[in-house]
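J.: Any chance you could fold what I've pasted below:
(one chain, ligands or ions: 2)
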Amino acid sequence: MKVIQSNTYPIYFENSLQELGRFIVQSNYSKVLFLVDTHTEKLCLPLIKAAIPNLEDFDIIEIDPGEENKNIDFCIGIWKMMLDFKADRNSLLINLGGGVITDIGGFAASTFKRGIDFVQVPTTLLSQVDASVGGKTGIDMDQVKNIIGTFTQPKAVFIEPQFLKTLDRRQIYSGFAEVIKHGLIYDAALFDLIRAMEPEKINPEMIYRSVEIKNEVVTQDPYEKGLRKVLNFGHTIGHAVESYSLKHDKNTLLHGEAIAIGFICEAYLSVRCNKLTELELEEITSVVLHYFPKYSLNRAAFDALTDLMLNDKKNVEGRINFSLLSKIGACSTDIFCQKAEIEESLNYYCAL
Ligand SMILES: NC(=O)c1ccc[n+]([C@@H]2O[C@H](COP(=O)([O-])OP(=O)(O)OC[C@H]3O[C@@H](n4cnc5c(N)ncnc54)[C@H](O)[C@@H]3O)[C@@H](O)[C@H]2O)c1
Ligand SMILES: [Zn+2]
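T.: Numbering: from 1, shown residues only. Ligands and ions are numbered 1, 2, ... in the order given. Predicted coordinates:
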């Protein structure tokens, strides 16, 4: 059976929905609740019902989809529904959805009656290879992402590639950006595989390897004291571009699209401030541009972007903290770069 063992919980890959059925029966919970959004209720819950035909006794909490709902108001709604359904300390919450559902559901479960069990059933590529593994739960507040949250591990994660069939192309590519990141920071062989394929053809093996990498990193550093920061590669500039796009663009960038820009700029910084070679930078640039066509980044945005980076909680005394590649497949943390170097990296992207 294909299963990755994390510190405290298993991540199932093969027959994972049947495994979920087995888990529910064996665990003997007083109540089973599904948290879904409108899309996953329609597209994913039927697959669960088909795979676990004897699962009859459960309640459903449904919320509207979207990052804008990953907030305390929706969380209160979830807690109230849990009370209405008479959930007690021995209940199980099954988060069936993308990263929004696994984050807010994990948070709601980890705080309800001081914490009830929850499992993650991620249904987007991004949540399969990233959000559902590692125990970070959370909600946004006042436009600040994931500012309220807990580190709480799920009881299990069930990854079912079948769910991805209904996911639109942009969402697949967005999740694929995190797969590229896992290759860049940890596994040159995975990056080699990525160079030769299209995200539509992503196979369970690559999802498995990507989760294995995320899991290896987070189990060594569950509370983000050190090593886990390698996962931030591309995210310092990427998050700033994402926030900027949210404010200025009609068709806003998805997370993966924004961090793809971050990969190119931070690969440039990896040459300037770490040991990445020019040749590797060219390789990374061409692979990333192959999947993520160039975004028209305006030079007039540079100041706003560096301000956004300076406001980030990870920075010390006006210097901006990066996780940068030392080569394809390896990443160093806590490298500080100057504003001028960052602007150079943005210029590099603009000139492509
Ligand atoms: N906890 C972590 O470590 C971590 C890591 C990375 C990202 N995140 C969080 O993840 C969130 C983003 O996750 P996401 O990209 O999955 O977004 P999402 O949950 O908003 O899902 C994207 C869209 O796809 C729909 N959808 C979900 N599954 C589907 C399916 N199988 N078929 C068709 N449509 C489907 C959703 O309803 C939604 O409209 C962010 O809030 C981010 O902060 C958390
Ligand atoms: Zn990310």
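
J.: Can you give me the neighbour number for the residue in the stretch 251-352 of the chain positioned nearest to ligand 1?
T.: Of all residues in the stretch 251-352 of the chain, residue 255 sits closest to ligand 1, at 6.0 Å by C-beta to the nearest ligand atom. Every C-beta, even on glycine, is put in place using the N, C-alpha and C of the backbone. Other residues within reach of residue 255, judged by other C-beta atoms under 10 Å, total 21.

J.: ok, now residue 198?
T.: Residues lying near residue 198 (other C-beta under 10 Å) number 12.

J.: how about it, what does it touch?
T.: Residues in contact with residue 198, defined by C-beta atoms under 8 Å, 6 or more residues apart in numbering, are absent; none qualify.

J.: do the same with residue 192
T.: Shown in contact with residue 192 (C-beta under 8 Å, 6+ apart): residue 183.

J.: Next one, pLDDT for the residue of the stretch 251-352 of the chain closest to ligand 1 please.
T.: pLDDT, the model's per-residue confidence, is 96 for residue 255.

J.: For this structure, which residues score under the pLDDT cut-off?
T.: With pLDDT under 70 as the threshold, the chain has low-confidence stretches at 1, 313-314, 316.

J.: Kindly report the residues of it close to ligand 1.
T.: Taking C-beta under 6 Å from any ligand atom as the measure of proximity, the chain contacts ligand 1 at 37, 39-40, 43-44, 65-67, 70, 97-101, 103, 123-124, 126-127, 130-131, 134, 136, 145-146, 163, 166-167, 171, 174, 255.

J.: Show me which of these are buried.
T.: Neighbour-count burial (16 or more other C-beta atoms under 10 Å) is assigned, among the residues of the chain next to ligand 1, to 37, 39-40, 44, 65, 70, 97-101, 103, 123-124, 126-127, 130-131, 134, 136, 163, 167, 171, 174, 255.

J.: Help me confirm that residue 118 comes into contact with residue 110.
T.: Yes. The pair residue 118 and residue 110 qualifies as a contact (C-beta atoms under 8 Å) at a distance of 7.3 Å.

J.: Find the residues that touch each one of the two.
T.: Shared contacts of residue 118 and residue 110, defined by C-beta under 8 Å, 6+ apart, are found at residue 152.

J.: Which element, helix or strand, includes the residue of the chain most remote from its centre?
T.: Relative to the C-alpha centroid of the chain, counting by C-alpha atoms, centre = their mean, residue 54 is the outermost residue, at 31.8 Å. Assigned by DSSP states H and E, residue 54 belongs to no helix or strand.

J.: The closest residue to it other than its chain neighbours: neighbouring residues, count only.
T.: If you skip the residues right next to it in sequence, residue 54 has residue 21 as its closest partner in space, 7.3 Å away by C-beta to C-beta, 6 or more residues apart in numbering. By the measure other C-beta under 10 Å, the count of residues near residue 21 is 18.

J.: and residue 21, what is it in contact with?
T.: With the criterion set at C-beta under 8 Å, 6+ apart, residue 21 makes contact with 51-52, 54-55.

J.: repeat for residue 260
T.: Counting by C-beta under 8 Å, 6+ apart, residue 260 touches 177, 180, 234, 238, 288, 291-292.

J.: Go through these and say which is closest to residue 349.
T.: Proximity of the contacts of residue 260 to residue 349, judged by C-beta to C-beta, is greatest for residue 288, which lies at 10.0 Å.

J.: helix/strand/coil for that closest one?
T.: helix (DSSP: H, G, I helix; E, B strand; the rest coil).
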